[in-house]
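Enquirer: this one's sequence-less:
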């Protein structure tokens, strides 16, 4: 049975604990995920650093951010293709070395062209690490709970980056990113080498599981598409919100403090989202959250002042965690093979390359930050439409297959 209520999981009748359910595997999956998502967590201050320390224009900042986060998507796709075919430890070693080298080289150059290329390379390497990490978390008996641990940890890491990175030079920022990958090599033995079962499997076990349970085969792909649309909003907003405050002449030190505290506010969002999903499932809260998330960006279309910035940023970050909890939980509830879970960073990264690049193009055409925030709101509403369609199909399937969808 598939349940979209609370933190329910999809378990087969023969579900037993595997090497993926050990504390060591959980710790490794969480740490690798956090390291892989580290650039995303600090995008506002990193974008400001590219602008102020390296002299990149607003458009160039969007292109570099899009390259970095788009590389995350490509790397996650590579991980999804290889994660069941080769030793995961070997795959991660190559990715970690590539990430370290790319970040070190970034510290040695300042030109836009080299930075663009190297950030794409670093993002791709981090995407492979993140894809393997998310697949590791998704292979647990209760993947939704593991994803909640990830989001809870992400909130603290995000706050730490907001506080620390503005105090560092660009070289130190890149050096910190490079060093964060090193512990993975020392604790690699904690990472399971292969899927729990690699023999006597169907050609596509994830698809076979879905079809056997009566779930339309396109549903997880629709969920991933909606996730990509959601991250167009997140990628554009998170890349340009700090620069938009500079354009609006808001006090820089005050903005920096707000960015730090708003990250801690995400912890409350994670706990509250879990409480709501336990009571009302995933579908209805997710749809409502997407509408509200759209509104947090749209409210800045007419301009930015301190009250609106404060309300928008706090609400945006609070609801961002809501969206992630519900989106990751929805994918985990549909598939316990880990295949679709490993594509979550790819969907997020795709949105993150499209969002900043579309925003950069709008700025280049003179649409201003009002155009950027209008794009953000429209992207979330498009995700709302895709989810609405997908959940409607699930409900139709539920009438014939007795699948509870919340």
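Expert: Happy to help now that I have it. Here the structure is a predicted model, which is why all the values come from computation and not from measurement.

Enquirer: Break down the stretch 1-150 of the chain into its helices, ranges please.
Expert: Ranges of helices within the stretch 1-150 of the chain are 23-36, 38-41, 43-52, 58-82, 88-106, 112-138, 143-164, based on DSSP state H, counting those that start in this stretch.

Enquirer: nearest to residue 343, of those?
Expert: Closest approach to residue 343 among the helices of the stretch 1-150 of the chain (Cβ to Cβ): helix 58-82, 5.1 Å. All C-beta spots, glycine's among them, are computed from the backbone N, C-alpha and C.

Enquirer: Compare the helices of the stretch 1-150 of the chain and give me the one nearest residue 354.
Expert: Short answer: helix 58-82, nearest of the helices of the stretch 1-150 of the chain by Cβ to Cβ, at 7.5 Å.

Enquirer: in the closest one, what's buried?
Expert: Within helix 58-82, the residues that count as buried by 16 or more other Cβ atoms under 10 Å are 58-80, 82.

Enquirer: Can you say which of the helices of the stretch 1-150 of the chain is nearest to residue 251?
Expert: Between the helices of the stretch 1-150 of the chain, helix 43-52 lies closest to residue 251; by Cβ to Cβ that is 13.9 Å.

Enquirer: what's the closest one packed up against?
Expert: Helix 43-52 is packed against helix 58-82, helix 143-164, helix 170-180, helix 219-247, helix 252-280, with contacts defined by 3 or more Cβ pairs under 8 Å, 6 or more residues apart in numbering; DSSP states H and E.

Enquirer: So what touches that helix?
Expert: 39, 56-58, 60-61, 64-65, 69, 115, 161-162, 165-166, 170, 173, 235, 238-243, 246, 256, 259 (Cβ atoms under 8 Å, 6 or more residues apart in numbering).

Enquirer: picking up where we left off before, could you export the helices of the stretch 1-150 of the chain as CSV, including distance to residue 181?
Expert: Shown next, in CSV, are the helices of the stretch 1-150 of the chain (distance: least, Cβ to Cβ, whole Å):
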stretch, distance to residue 181
helix 23-36, 6
helix 38-41, 9
helix 43-52, 17
helix 58-82, 13
helix 88-106, 5
helix 112-138, 7
helix 143-164, 14
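
Enquirer: Out of those helices, which gets nearest to residue 187?
Expert: Using Cβ to Cβ, the nearest of those to residue 187 is helix 23-36, at 6.2 Å.

Enquirer: For the closest one, what is the distance to the chain centroid?
Expert: 15 Å (Cα atoms, centre = their mean, to the nearest Å).

Enquirer: ok, back up a step: just the buried ones among the contacts of helix 43-52, please.
Expert: If you count burial by 16+ other Cβ under 10 Å, the buried members of those come out as 39, 56, 58, 60-61, 64-65, 69, 115, 161-162, 165-166, 170, 173, 235, 238-243, 256, 259.

Enquirer: Determine the set of other helices and strands touching the longest helix anywhere in the chain.
Expert: Longest helix in the chain, counting residues (DSSP state H): helix 368-401. Judged by 3+ Cβ pairs under 8 Å, 6+ apart, the packing partners of helix 368-401 are helix 219-247, helix 283-298, helix 344-364.

Enquirer: now for those, which one comes closest to residue 193?
Expert: Within those, the stretch nearest residue 193 is helix 344-364; the backing value is 20.4 Å (Cβ to Cβ).

Enquirer: Go through the closest one and flag the buried ones.
Expert: 344-360, 362-363.

Enquirer: swap in stretch 299-308?
Expert: 299, 300, 301, 304.

Enquirer: Figure out the length between the terminal residues of it.
Expert: 7 Å (Cα to Cα, to the nearest Å).

Enquirer: what comes into contact with that stretch?
Expert: With contact meaning Cβ under 8 Å, 6+ apart, stretch 299-308 is reached by 244-245, 247-248, 250, 254, 309, 311-312, 369-370, 373-374, 377.
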